[in-house]
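Student: Please work out how this folds:
(one chain, ligands or ions: 2)
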Amino acid sequence: MNDKVFTKPIEKQFEFNEEVAVVFDDMLNRSVPFYKESQKITEFFALKQLKDGGLIYDLGCSTASLLISISKQLKIEAILIGLDNSDAMLEQARKKCQALGATIDLQNADILEYDYKQADVFVSNYTLQFIRPLVREELVKKIADSLKKEGIFIFSEKVISHHSKLNKDLIECYYDFKKEQGYSEYEIMQKREALENVLVPYSEDENIKMAKNCGFSHCEVVFRWANFATFIAIK
Ligand SMILES: C[S@@+](CC[C@H](N)C(=O)[O-])C[C@H]1O[C@@H](n2cnc3c(N)ncnc32)[C@H](O)[C@@H]1O
Ligand SMILES: O=C(O)C(=O)C[C@]1(C(=O)O)C=C[C@@H](O)C=C1
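Tutor: Ligands and ions are numbered 1, 2, ... in the order given. Just a heads-up that it's a prediction; the model follows:
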C-alpha cells in the first residue's frame, strides 16, 4: 500500500501506529534515500560476522525487512531476534514472516529495558534517532556490553550538520529527493511538523563519539547520502 499518511492535516505527533505500519515499507523506501543500498551494506557485514550458532538482534525491527532478507541468505544456523514496541509493526512483520517462511523471533519489547544475551551482531537502523537523547547513550552502552569481543553494531541514522547553511542545504536536498519520490510539498511539511522533537538526529561526529564513549573500539561511516548515514561500530 502507498504512503498517503500526511496528505491530510496532522492531529498529533508522529507514531508507529496502524496507519503507518500498513504503509511502512513504501514509506521507508520513499523516505530514506538509498534505503535498499544501506540495507544491503548492513546485510553484508552482518552475514560476514555471523558464525554457526550465532545471534543477531535488530532493534526497532519494524516489519522485519532486514531479518527476513538475512534469513534468506544465511548459509549457517543462527538466531535472529527482532525487537519492536509497536504491536502494529510486529503484526505486519509476522504476516511477512509467515508468507515468506522466515523463522525470526519477533518480540514486543522496549529496547531500553530488554535483557540482551551476548550477541555477535546488533543492528538498529533509523531507530536510535527516536530514542530520547537523555537515554540514548545508555542504550548504546547496553548494546556494547551485550556484544561478544569484536562483535559489530551497525546503525543507520538521519544526521545533521552543525554548519547552519550546510544543514539547511542538506535538508533542501533531502526534500528534493522526497519530491522525486512523489511526495507533495504539503505532505513533506506535514511530516516535518509531526516529526518535530520525535525524531532527534545527531551529527555524524556525535554518533561516532557516542559509540566510542560507550565502549566500542572503532566506529565509522560506511555509507552516507546527504543527511542519512550508516555506521559500523566494532567492540
Ligand atoms: C524508522 S523505524 C525502523 C526501521 C527499520 N529498522 C528498518 O530499517 O526497516 C523505527 C522503529 O523503532 C521502533 N521503536 C521506537 N522506539 C522503540 C523502543 N523504545 N523500543 C522498541 N522499539 C522502538 C518503532 O516502533 C519503529 O518500528
Ligand atoms: O525525516 C523524515 O522526513 C523521514 O521521513 C525519515 C524517516 C526516518 O528516518 O525514520 C522518518 C519516519 C519514518 O520512519 C520514515 C522515515
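
Student: For the rest of this, base every contact and every neighbour count on C-alpha atoms.
Tutor: Noted.

Student: Can you give the contact residues for stretch 76-94?
Tutor: 16-18, 21-22, 50-65, 67, 71, 103-111 (CA atoms under 8 Å, 6 or more residues apart in numbering).

Student: Just the ones of these in helices?
Tutor: Here DSSP state H is the test, and these give 18, 21, 65, 67, 71 as lying in helices.

Student: out of these, which touch ligand 1?
Tutor: residue 65 (CA under 6 Å from any ligand atom).

Student: Out of the ones in helices among the contacts of stretch 76-94, which end up buried?
Tutor: 21, 67, 71 (16 or more other CA atoms under 10 Å).

Student: With adjacent residues omitted, what lies nearest to the second one?
Tutor: The one in question is residue 67. Among residues not flanking residue 67 along the chain, residue 80 sits closest, at 6.7 Å (CA to CA, 6 or more residues apart in numbering).

Student: before we move on, the earlier item: between the buried ones among the ones in helices among the contacts of stretch 76-94, which is nearest residue 162?
Tutor: residue 21 (32.3 Å; CA to CA).

Student: any idea which helix or strand carries the residue nearest to that closest one when sequence neighbours are not counted?
Tutor: Spatial nearest neighbour of residue 21, chain neighbours left out: residue 89 (5.1 Å); criterion: CA to CA, 6+ apart. Assigned by DSSP states H and E, residue 89 falls within helix 87-100.

Student: on that earlier part again, narrow the contacts of stretch 76-94 to those in strands?
Tutor: 54, 55, 56, 57, 58, 59, 105, 106, 107, 108 (DSSP state E).

Student: Just name the closest of those residues to ligand 2, please.
Tutor: residue 59 (13.3 Å; CA to the nearest ligand atom).

Student: what number of residues lie near the closest one?
Tutor: 24 (other CA atoms under 10 Å).

Student: So for the protein, the centremost residue is which one?
Tutor: residue 125 (1.8 Å; CA atoms, centre = their mean).

Student: I figured that residue hits residue 228, correct?
Tutor: No - the criterion here is CA atoms under 8 Å, and residue 125 misses it with residue 228 at 10.6 Å.

Student: Could you name every residue contacting both of the two?
Tutor: Counting by CA under 8 Å, 6+ apart, the residues touching both residue 125 and residue 228 are 156, 157.

Student: Which positions in this protein make contact with ligand 2?
Tutor: Counting by CA under 6 Å from any ligand atom, the chain sits next to ligand 2 at 27, 28, 31, 32, 126, 158, 192.

Student: Scan the residues you listed and report the most crowded one.
Tutor: residue 158 leads those on contacts (other CA under 10 Å) with 23 neighbours.

Student: that's a helix at it, yeah?
Tutor: No - counting by DSSP: H, G, I helix; E, B strand; the rest coil, one finds residue 158 to be strand, located in no helix.

Student: Grab the nearest non-local neighbour of it.
Tutor: residue 228 (4.4 Å).

Student: Wait, that neighbour touches residue 161, no?
Tutor: No - here residue 228 does not reach residue 161: they are 11.0 Å apart, not a contact under CA under 8 Å.

Student: Between the two, point out the one with more neighbours.
Tutor: Ranked by neighbour count (other CA under 10 Å), residue 228 and residue 161 place residue 228 first, with 23 against 19.

Student: residues contacting that one?
Tutor: Contacts of residue 228 (CA under 8 Å, 6+ apart): 32, 33, 156, 157, 158, 159.

Student: hey, what's it bridged with?
Tutor: Bridge pairing for residue 228 (DSSP bridges) gives the partners residue 158, residue 225.

Student: No more questions from me, cheers.
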